[in-house]
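Q: No sequence on hand, only this structure:
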């Protein structure tokens, strides 16, 4: 084959005539098809596939999930007054709680009140026994009594010497004036008198200082007045009610050994209450002291205020205490549950969507929006704002009248499009 023939064959041109070199003249060259004819079917297939892919992309993405409408909840976007609040389950707690703790360790000897009983301030509740402490106190008392006796004895001896010296000086003064007594003896008696007078003054001053120190050791008021601190340890073995109220959480059985600082129970204020609630940690920076709250009981509205916020987070929640803003409901009791709304802000007009589990799956960054023909839902980026248990505020990405899936997205969180199977959606 010539060079020309090879070039023509390479570019797909037909060679209609020509005898093959070296043949007997009967062999003829067969014309080859043009290149575009050979590749046309492949190009057509590629074109069809590309058009199909483009059509799918235009319809909402490549990852498609098909779900029955009966498994989905669809909410409608609308505009209206949005109330910014948190719904919490609060419980009634005593306003004041005083714990019964042991200042001295010992064995429970007597339990004088039952759990749940109403008690008065100062009422004996539990008696402990501590023989070692009682012996120590008795020894201290004996030492105090011995010291007091010695002081009295010393004071009597000094006074006796003073009386004797005064009598001797008075007698010897007459003898000195009559020349019957040496002046040196008289001066010696006067010096001895001055010594005992000074000793008496020092002894009295020392006793006064000791009594002053002892006075600082007096503590508390009881039915009998002040009690010496040496007896205070023994008195502490009797656990008394620190205030009027109700005795609860009593933990004392006869014969039990209790160490120093053990909690034996508590006394709750009987007629003064507060509310306490666990709040989702998401709102930790939004709940502050003084914020209002409201709840309904027996068809009446009541109000409360945040009294204290505990910043420690446990199991995804933090604790907050509330005082009643006004009279408390009649008949409430400790432990009673109350559904309460903590107000984060006043109501104002906003575009909003019914709240639902979808928020936990998307973080409020995107949502599946139902198409106008209600045949599918397409993933769309949105910007959501405040939330309450009923609604989520729509900042951007949705308009009133549009519908979106508000149920959970766990099964199709990575999808781009959800096609609805026949059925009825939950509204």
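A: Everything's here; your move. Bear in mind that the values here come from a model prediction, so they are computed numbers and not experimental data.
Q: helix or strand for residue 274, which one?
A: Assessed by DSSP states H and E, residue 274 sits inside strand 273-280.
Q: Show residues contacting that strand.
A: Residues outside strand 273-280 that contact it (Cβ atoms under 8 Å, 6 or more residues apart in numbering): 86, 88-95, 287, 293, 304, 307, 316-324, 328, 332, 334, 338, 340, 342. Backbone N, C-alpha and C define where each C-beta goes, glycine included.
Q: could you redo the last one with a cut-off of 6 Å?
A: Residues from elsewhere that reach strand 273-280 (Cβ atoms under 6 Å, 6 or more residues apart in numbering): 88, 90-93, 95, 287, 304, 317-323, 328.
Q: Map the structural domains onto the sequence of this protein.
A: Domain assignment for the chain, taken from automatic domain parsing, gives 3-57, 64-82+349-421, 131-236.
Q: most tightly surrounded among the ones you listed?
A: Among the domains of the chain, domain 64-82+349-421 has the highest mean neighbour count (mean count of other Cβ atoms under 10 Å), at a mean of 17.
Q: Now do the SS call for the closest residue to residue 125 other than its chain neighbours.
A: Among residues not flanking residue 125 along the chain, residue 113 sits closest, at 4.7 Å (Cβ to Cβ, 6 or more residues apart in numbering). Under DSSP: H, G, I helix; E, B strand; the rest coil, the three-state class of residue 113 is coil.
Q: show me what contacts residue 113?
A: 119, 125, 247 are the contacts of residue 113 under Cβ under 6 Å, 6+ apart.
Q: what's the neighbour count on the closest residue to the first one other than its chain neighbours?
A: So the one you mean is residue 119. Of all residues beyond its chain neighbours, the one nearest residue 119 is residue 241 (4.2 Å), with distances taken as Cβ to Cβ, 6+ apart. Neighbourhood size, residue 241 [other Cβ atoms under 10 Å]: 21.
Q: Tell me the backbone dihedrals of residue 241, please.
A: When quoted as degrees, to the nearest 10, the phi and psi of residue 241 stand at phi -70, psi 120.
Q: can you redo the domains of the chain as a markdown table with distance to residue 274 and mean pLDDT?
A: Output for the domains of the chain, formatted as a markdown table (distance: least, Cβ to Cβ, whole Å; pLDDT from 0 to 100):
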| stretch | distance to residue 274 | mean pLDDT |
| --- | --- | --- |
| domain 3-57 | 60 | 54 |
| domain 64-82+349-421 | 23 | 93 |
| domain 131-236 | 30 | 78 |
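Q: closest one to residue 299 among those?
A: Residue 299 lies closest, by Cβ to Cβ, to one member of the domains of the chain: domain 64-82+349-421, at 21.1 Å.
Q: Let me see the confidence value for the nearest residue in space to residue 292 that is not next to it in sequence.
A: In space, residue 292 comes closest to residue 343 once its chain neighbours are excluded; the distance is 4.7 Å by Cβ to Cβ, 6+ apart. Per-residue confidence (pLDDT) for residue 343: 91.
Q: isn't residue 343 right up against residue 288?
A: No: Residue 343 is not in contact with residue 288 according to Cβ atoms under 6 Å; the separation is 11.5 Å.
Q: rewinding a little: now do the buried residues in the strand holding residue 274.
A: 273, 274, 275, 276, 277, 278, 279 (16 or more other Cβ atoms under 10 Å).
Q: Quickly list what the fourth one is bridged to.
A: Put plainly, it is residue 276. residue 91, residue 321 (DSSP bridges).
Q: what's the helix or strand harbouring residue 359 in contact with?
A: Residue 359 belongs to helix 358-362 when elements are defined using DSSP H and E. Contact with helix 358-362 is made by 406, 409, 413, as judged by Cβ under 6 Å, 6+ apart.
Q: Can you pull out the residues in contact with whichever helix or strand comes after it?
A: Going down the chain from helix 358-362, the next helix or strand is strand 366-370, by DSSP H and E. Strand 366-370 is contacted by residues 377, 378, 379, 380, 381, 382, 403, 404, 405, 418 when judged by Cβ under 6 Å, 6+ apart.
Q: pretty sure the second one is in a strand, no?
A: It stands for residue 378. Yes: Residue 378 sits within a strand when classified using three-state DSSP.
Q: Need the phi and psi values for the residue nearest to residue 261 when sequence neighbours are not counted.
A: Nearest residue to residue 261, sequence neighbours excluded (Cβ to Cβ, 6+ apart): residue 101, at 5.9 Å. Phi and psi for residue 101, reported as degrees, to the nearest 10, are phi -120, psi 160.
Q: Please apply the same query to residue 182.
A: The phi/psi pair for residue 182 (degrees, to the nearest 10) is phi -70, psi 140.
Q: any idea where the helices of the stretch 151-300 of the chain begin and end?
A: 183-216, 229-235 (DSSP state H, counting those that start in this stretch).
Q: Residue 138: which of these is closest?
A: helix 229-235 (9.0 Å).
Q: Was I right to think residue 382 contacts residue 397?
A: Yes: checked against Cβ under 6 Å, the pair residue 382 and residue 397 is within contact range at 3.1 Å.
Q: And residue 421, how far from residue 165?
A: Going from residue 421 to residue 165 by Cβ to Cβ, to the nearest Å gives 124 Å.
Q: what's the burial count for residue 117?
A: Neighbours of residue 117 using other Cβ under 10 Å come to 14.
Q: swap in the one 4 residues further on?
A: Around residue 121 there are 12 other residues, counting by other Cβ under 10 Å.
Q: Skipping its backbone neighbours, what lies nearest residue 356 in space?
A: The shortest distance from residue 356 to any non-neighbouring residue, by Cβ to Cβ, 6+ apart, is to residue 406 (3.3 Å).
Q: ok now do that neighbour, which residues does it touch?
A: Here residue 406 is in contact with 73, 75, 354, 356, 358 (Cβ under 6 Å, 6+ apart).
Q: Repeat that for residue 92.
A: Taking Cβ under 6 Å, 6+ apart as the test, what residue 92 contacts is 273, 332, 334, 336.
Q: hmm, 10 Å instead?
A: 273-276, 328-329, 332-338 (Cβ atoms under 10 Å, 6 or more residues apart in numbering).
Q: ditto for residue 420
A: Counting by Cβ under 10 Å, 6+ apart, residue 420 has contacts 66-69, 72, 74, 370-371, 374-377, 405.
Q: Of these, which is the nearest to residue 144?
A: Of those, the one sitting nearest to residue 144 (Cβ to Cβ) turns out to be residue 405, at 84.6 Å.
Q: Much appreciated, bye for now.
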